[in-house]
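Trainee: Build me a structure from this.
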Amino acid sequence: MHDVTQVTQTDSTRSAEAIVESQTFHKLMREKNRFIVPSIIFSLIFYFTLPISTSYFTFLNIPVAGDITWAWVLAFAQFFMTWMFCVMYSRRARRFDELVTAIKQEEDDR
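Mentor: The predicted model follows:
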């Protein structure tokens, strides 16, 4: 029977360990986290503002134009914010892709 407690080091696991230890990989992870973490925090706060505000407060019931209230404005702003994050991430992803290419090149040079 095969003993699963025995771990065999293969070329791919050694390669993965070398990549994870490289400075370029650490730079990639720092840059991604610097963008993703604040984006997630902001979007969670922004998204939960609408249901919390409409549940406990009445200031979003004030009309902006005709029958359109601030609640509708905030709801549509969430769509706009989502699209903006998509655009911002797409642009930032180009830099991430450059770092991934550099990591692949470093690995090929070894």
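Trainee: Regarding the chain, what is its longest helix?
Mentor: Assignment by DSSP state H gives helix 70-109 as the longest helix of the chain.
Trainee: Quick one: list the elements packing against that helix.
Mentor: If you count contacts as 3 or more C-beta pairs under 8 Å, 6 or more residues apart in numbering; DSSP states H and E, helix 70-109 packs onto helix 11-21, helix 23-56, strand 63-65. Where you see a C-beta, it was placed from the backbone N, CA and C, and this is true even at glycine.
Trainee: Can you give me the separation between the spatially most central residue of the chain and Cys86?
Mentor: Nearest residue to the geometric centre of the chain (C-alpha atoms, centre = their mean): Ile36, 3.5 Å. Using C-beta to C-beta, to the nearest Å, one gets 13 Å for the distance from Ile36 to Cys86.
Trainee: again, but for Asp97
Mentor: With C-beta to C-beta as the criterion, Asp97 and Cys86 are 16 Å apart.
Trainee: With adjacent residues omitted, what lies nearest to Thr82?
Mentor: Ser43 (7.7 Å; C-beta to C-beta, 6 or more residues apart in numbering).
Trainee: ok, that neighbour touching Phe85?
Mentor: Yes: between Ser43 and Phe85 there is a contact at 6.6 Å, judged by C-beta atoms under 8 Å.
Trainee: follow-up on the earlier one: any idea which of the helices and strands packed on helix 70-109 is most buried?
Mentor: helix 23-56 (a mean of 12; mean count of other C-beta atoms under 10 Å).
Trainee: which helices and strands does it pack with?
Mentor: Counting by 3+ C-beta pairs under 8 Å, 6+ apart, helix 23-56 packs on helix 70-109.
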